[in-house]
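Engineer: Sequence and predicted structure below; questions after.
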Amino acid sequence: MPRIKSKHIKIFSLLAIIVLSILLGFSLRNLKTSFVIDEYLPKGDKEAEFFKEFGEKFGSNQLVFILAEANQTVFDTEFLKTLKRLQEEIKSTEGIANVISILNSIDIKKTEDGIEVADLIPEIPESKEEMDEIRSYIMSHPRFAGKIVSQNEKITNMYVYITYGQDLVKVIGKIYETTERYKGDQIKSIYIGGMPTTVYFGNKYMRSDFSKLIPVSIVFMLIILFVFLGRVSYVVLALFSVILSLIWAFGLTSLFGIPLTISASIIPVIIIAIGASYGIHVISRYIAEKRENPTGAIRRTLKDIWVPVFMSAITTIAGFTSNVVTNFPPISNLGISVSFGVISATILSLVLIPVVISLRDERRSENGKASFEDKIEDFLRKYLSRLAGMIISLRFIIIFGWIGLAVLCAIFIPKVRTEMQFSAFYPEKSPPKVASEILRDQFSGSVPVFFLFKGDIKEPIVLREMERANYYLSMYKDMGSPQSIADLISEMNWKLYGSYSIPDTREQVANLWIFFEGNPNIKQIITQDNSEAVVISQFKKEESEEIIEVLKHLRKFEGERKFVKIFAEEIPEEKKNELNSYLISELEKNISFIDQGKHKIDFSEFRNHYITISEDLQENIVRSFVSEVQKYVESPESEIEISNSTDFIRHLVEKINNHKKDGISQNPKIIKEAVQYALQKSGNHNNSNDDLEGFISSIEKIFEDVERKERVEYLYSSLKINENSPEIAEKIKGQISYLLSTVFYIPKDVAEKIGLNGENTSFSIRAGGMPPLLGQLDKEIVSSQIESILFASIVIYIMLIIQLRSIQLSSIAMLPIILSVVIYLGFMGLINIPLDYGTLMISGVAIGTGIDYSIHAIHRLRKELVSFQYMEALQRSMISTGKAIIANTMAVSLAFLILVLSDLSLIERFGWVTALVMSLAAASALTIIPAILSIIYDRKNKKGIRSL
Amino acid sequence: MIGKTKKELGPCKNEKGGSTMNINTKQNNKNNLTLKIIAANLLFLSVFVSQAFGSGDQILEKVDETMNAPKSSFSISQMILVDSSGNRKEREMMEWSKKQGNETIRLIKFVSPKDVKDVGFLTLAEDQMYLWLPEFGKVRRIASSAKNQNFMGSDLSYDDLSTTDRTKHYSAKIIAEDDKTWTLLLTRKPNSDKPYSKTEMVVSKESYVTLESKMYDESGNLWKTMKIKPKKVGKYWTIEELIVEDKKTNHKTIIINKDTKFDIDLSDEIFTQRTLKKQADQIK
């Protein structure tokens, strides 16, 4: 068997690296991204699952808003024509299920004898008068003003529903392309908003960051490599190693199916910085060894360098894997990718670089030309020697100064806020940010907030609770007007039958329901099997802090509800007072939800009128009843064709007036008797039984409706509410009408307390949307921060103890990074930098990379102390290690500073804050460690021990 | 199809004649003669065919006529709504209809389930529709200019139900043909306000009943598909089963005809608001 030569091993290693790189390069094609916020919570998180389930069931994850801005006003013929063309083109785009705009929103108008269902603008008006009429109608309608047309009348909102299962990036990309073509004379600007756009913009900004940050980082690293390595071939080699590290890192990330998240732009910059740093270490050491003796230089280099490079890699990985243990996907995924990068950089700098050098370079001799490094050495030597002297003379000031600063900063740590909303990270004036601003300022906002109801949604009490949830939500400041099926049922009831309320019975609800069944737009608020429905609204504020605040309001409303259905006629007389008190107190609460506590209402008069029907009310009821009956008998729907309606009415009134004193409501038989009497007297007596029965029942129904309506009006006027909005007035009247129902729905506990029994109905209400999700992310982000700091500190502390073999020295080594972390967290609280998907990682990074400074500082000082007194030892270690730490800090900090070029504010913040923390870690390692060690040395020295 | 073949024949003949002229004039003349005979035969055939079966428009007219042939009708049918998850809802309804001039007046009453029992629709004209919700006790008029609105949660729009004279709104041409069917392409006429920009329909040669339809939206994307199983009741063809599928929502409606009577005596009194209020079994 031929002996395997070392050259063969080298070539084999080189080939293996090339093959591996090609394979990993291919797997880059399958690199996944994740820009859906619910995926940022750990797997199995209940709120994340709930949010996802909601999005799938109600299609909210598929809704895109296209905001088209007109030059003057959207109520312009040419603008609307252009909009129509845009709408048609968007609708024909593959992957689009439906488009609803100002033109085709369904409008239900109340007409004299019914309703008219039509498109909001069936034909675009040509004349100014017609356009003005449409404008004033739309802008006075709460379902359209601020929903499809902005308050300033300059922007329209087009609702685009994407078919489920589509590639969102592709579909939104197409929407973008289309909208771009429509910008011009009529449409000034177009913005796109909504949940799916986060996926599109996330991808867009990540790509833009990658294409900007990677080249800049590489150029920067080339400069650094030139400064430290001098020769082009070494620079190319180090750069090649860095590029392969990037390919390996992303290739492995792809291979393991780990998606890139919003903070992914950080990954290449860190890998480039780390890869270059390892390359510099190996090649500079090789240059130094070769200068001394070219023979065996590479072997000596490897022997000398592998431990520090390996240790440095381990601590860096520990820093980043501290993020992995958090189980917080955006951070742990990044931690894994960077760790892959660090491992790759370690392997490549310890294998690829030595192999290539030995294959190509071993025979060449080093020309002995001093690198730039040597030139700056003299300069640094002077100042670092002085620094050593200063540290010893000012050691107590240094120690207490650092500790004092840390304590001072610690006060501000509780003030650190969190930020998890993607839109907060987008650049100012960027399309998604502007879209969010427009939705916030001109429409009802874009942050989804909802209550999910589970139960039999057609039950009136479920719908009434939904209606209450509607009012409850709209009470909260900056909350857009909520939408639900209850709202639509009430509106339809109002338009068809004159009462803005949920009907009393399930059967009545079912009758109105037929208008909405099969309507594709209803999918957004109710499931197809009617077992789940939502009250959904949008919150105008985008900041996580404000959104989380809403959660407290939502939590007060959610929970299990148990109600009892009680028929008015079955309520014993003695229990009525207690029940009435409860009903009126509920009404009071509901009115305060509707009018948002605007009016101070006195219910004393209401109470009296609720219990008894006054004479003037009785008069009103009879007057209205007679008028309605007259209309009815003259209409084609009357079961009996009355030959002389005036005569019939006269006899009807006569009979009713005879019984007025007894109270008609208390004696429903009166109506039947009066009708029969009037028919007889007016000569309309030849009727079939069916017709007569139908006729009497219709007149009885008219009486019931009229009586209730008149009582509602009377009770409403007794509240003396001076309400300008007719809609709010109608809503309050609707609430009053519930008190006059023949059926009451009472919470089970209240019913039991009063002693009432009835049919049970139960359902549940759960708060959802962005507030619970962000609340959960907030908890996750804070706990991850604590977990990552603890994990990184413990792991690194153990490693330090193993390496330094001294608990005391290990503790001192930990001090600079702990101080740095405390100072930077306090600093964030002080200047209002949020803890986000980027800044969250800084602690881990700072601990992982900053600890190297401490290790180097202690290690060198210990070594020098073997031969020198403390002062001289410190000066010597300052010149050697101090210089290296300063150079490394400058290089790493500058590398992180490249991130300020990112489009995303979280990456930008991560860049400069990390640069600051790294500088802090270096400054503290170079000052506080020698200061503390000098005290320890002095104490030991007094005991005759000349070491640490 | 025949027309198209005839058109293609002209250039084909000229081209072939031109290319062979210099080689063998005799042969060429013989070829020309053969082609002339074929062309003449085809011309005769196409005239015969168009006389026998008519153009696209004529076929469409005949389809409409077939469906509108009865003077009056009464039917009981079952409507099954199937959502995208496969959940089914079943409804049974009775329908009385009668021709009145160019319009068909119609009364629909729901028989089951309990939720919609006795709900009634009375259509006296395209824009004159009355609704009876028994639980509210009042007849209400519904004017709908939103033609795309679906009827009672089904995939049929009010327009699908009311359109009886398609030749007025569409021009039809035959795009395919086999032994048993014609395939027509209906293109909406410029002034029509119908919701479908075009419709492809397969028409039975035997019954002139549409067997399959594909309806396209404004942008030419497939919107709905319809499949019909026809049956003959007396001298009229009618629909035994109809399946409509909305391709945008993945919602499906199946209508099964349980009983149909044609040309029965229906008094005008049936088509009144008064009758609309009655229970289905009380309507005579």
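Structural biologist: Received, thanks.

Engineer: only C-alpha atoms for contact and neighbour calcs from this point on.
Structural biologist: Will do.

Engineer: Which parts of chain B are helices?
Structural biologist: Taking DSSP state H, the helices of chain B run over residues B:2-20, B:25-53, B:56-68, B:158-162, B:166-169, B:273-276.

Engineer: Hmm, I typed the wrong one, I wanted the stretch 801-948 of chain A.
Structural biologist: Along the stretch 801-948 of chain A, counting by DSSP state H, counting those that start in this stretch, helices occupy A:807-830, A:842-865, A:870-877, A:883-897, A:905-942.

Engineer: Now do the buried residues in the second one.
Structural biologist: Of the residues in helix A:842-865, those buried under the neighbour-count criterion (16 or more other C-alpha atoms under 10 Å in any protein chain shown) are A:842-862, A:864-865.

Engineer: how far is stretch A:833-846 from where the chain is centred?
Structural biologist: 18 Å (C-alpha atoms, centre = their mean, to the nearest Å).

Engineer: what do you get for stretch B:98-111?
Structural biologist: 17 Å.

Engineer: From the contact counts, what lies against the host helix or strand of A:H651?
Structural biologist: Taking DSSP states H and E as the definition, A:H651 sits inside helix A:645-659. Judged by 3 or more C-alpha pairs under 8 Å, 6 or more residues apart in numbering or on different chains; DSSP states H and E, helix A:645-659 is in contact with helix A:615-633, helix A:669-681.

Engineer: Pairing-wise in the sheet, spell out the partners of the most centrally placed residue in chain B.
Structural biologist: Relative to the mean C-alpha position of chain B, the nearest C-alpha, by C-alpha atoms, centre = their mean, is the one of B:T210, at 5.8 Å. Beta-bridge partners recorded for B:T210 (DSSP bridges): B:V203.

Engineer: A:L463 contacts A:S484, doesn't it?
Structural biologist: No. Contact criterion C-alpha atoms under 8 Å: A:L463 and A:S484 do not qualify, at 9.1 Å.

Engineer: is A:I108 in a bridge, and if so with what?
Structural biologist: A:V117.

Engineer: Let me fix that, I meant to ask about A:L835.
Structural biologist: A:T418.

Engineer: Okay, it and chain B: tell me how far apart.
Structural biologist: Per C-alpha to the nearest C-alpha, to the nearest Å, A:L835 is found 42 Å from chain B.

Engineer: quick one, what contacts that residue?
Structural biologist: Neighbouring residues of A:L835 by C-alpha atoms under 8 Å, 6 or more residues apart in numbering or on different chains: A:416-419, A:781, A:828.

Engineer: List the buried residues for stretch A:876-893?
Structural biologist: Those would be A:876-886, A:888-893, for stretch A:876-893 by 16+ other C-alpha under 10 Å.

Engineer: cool, stretch B:197-205 as well?
Structural biologist: For stretch B:197-205, by 16+ other C-alpha under 10 Å, it's B:197-205.

Engineer: pLDDT added to those residues, as TSV?
Structural biologist: Below are the buried residues of stretch B:197-205 laid out as TSV (pLDDT from 0 to 100):
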residue	pLDDT
B:S197	88
B:K198	92
B:T199	94
B:E200	95
B:M201	94
B:V202	95
B:V203	94
B:S204	92
B:K205	91
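
Engineer: thinking again about what came up before, which ones among the buried residues of stretch A:876-893 come in contact with chain B?
Structural biologist: Contacts with chain B within those, as defined by C-alpha under 8 Å from any C-alpha of the partner chain: none are present.

Engineer: What's the separation between the residue in the stretch 351-500 of chain A positioned nearest to chain B and A:E588?
Structural biologist: Of all residues in the stretch 351-500 of chain A, A:L496 sits closest to chain B, at 7.1 Å by C-alpha to the nearest C-alpha. Distance, A:L496 to A:E588, using C-alpha to C-alpha, to the nearest Å: 27 Å.

Engineer: the more surrounded of these two?
Structural biologist: Legend: neighbour count by other C-alpha atoms under 10 Å in any protein chain shown for A:L496 and A:E588, higher for A:L496 (24 against 16).

Engineer: Helix, strand or coil: sort out A:M799 for me.
Structural biologist: Using DSSP: H, G, I helix; E, B strand; the rest coil, the structure places A:M799 in helix.

Engineer: pLDDT score for A:R939?
Structural biologist: A:R939 is assigned 84 on the pLDDT scale.

Engineer: Count the neighbours of whatever residue of chain B ends up closest to chain A for me.
Structural biologist: Of the residues in chain B, the one nearest chain A is B:G153, at a distance of 3.9 Å by C-alpha to the nearest C-alpha. Under the neighbour criterion other C-alpha under 10 Å, B:G153 is assigned a count of 20.

Engineer: Hmm, A:W513 and it touching each other?
Structural biologist: No. Using C-alpha under 8 Å, B:G153 is not in contact with A:W513, being 9.5 Å away.

Engineer: what are the phi and psi angles of A:V64?
Structural biologist: Backbone torsions of A:V64, given as degrees, to the nearest 10, read phi -120, psi 140.

Engineer: which phi and psi does A:S105 have?
Structural biologist: phi -60, psi 140.

Engineer: now do A:F868
Structural biologist: When read as degrees, to the nearest 10, the backbone of A:F868 gives phi -130, psi 160.

Engineer: Contacts for the strand or helix carrying A:L67 next, please.
Structural biologist: Assigned by DSSP H and E, A:L67 belongs to strand A:63-70. With contact meaning C-alpha under 8 Å, 6+ apart, strand A:63-70 is reached by A:79, A:154-162, A:186-197, A:435.

Engineer: Now go through those residues and say which are in helices.
Structural biologist: Per DSSP H, helices hold the following members of the contacts of strand A:63-70: A:79, A:195-197, A:435.
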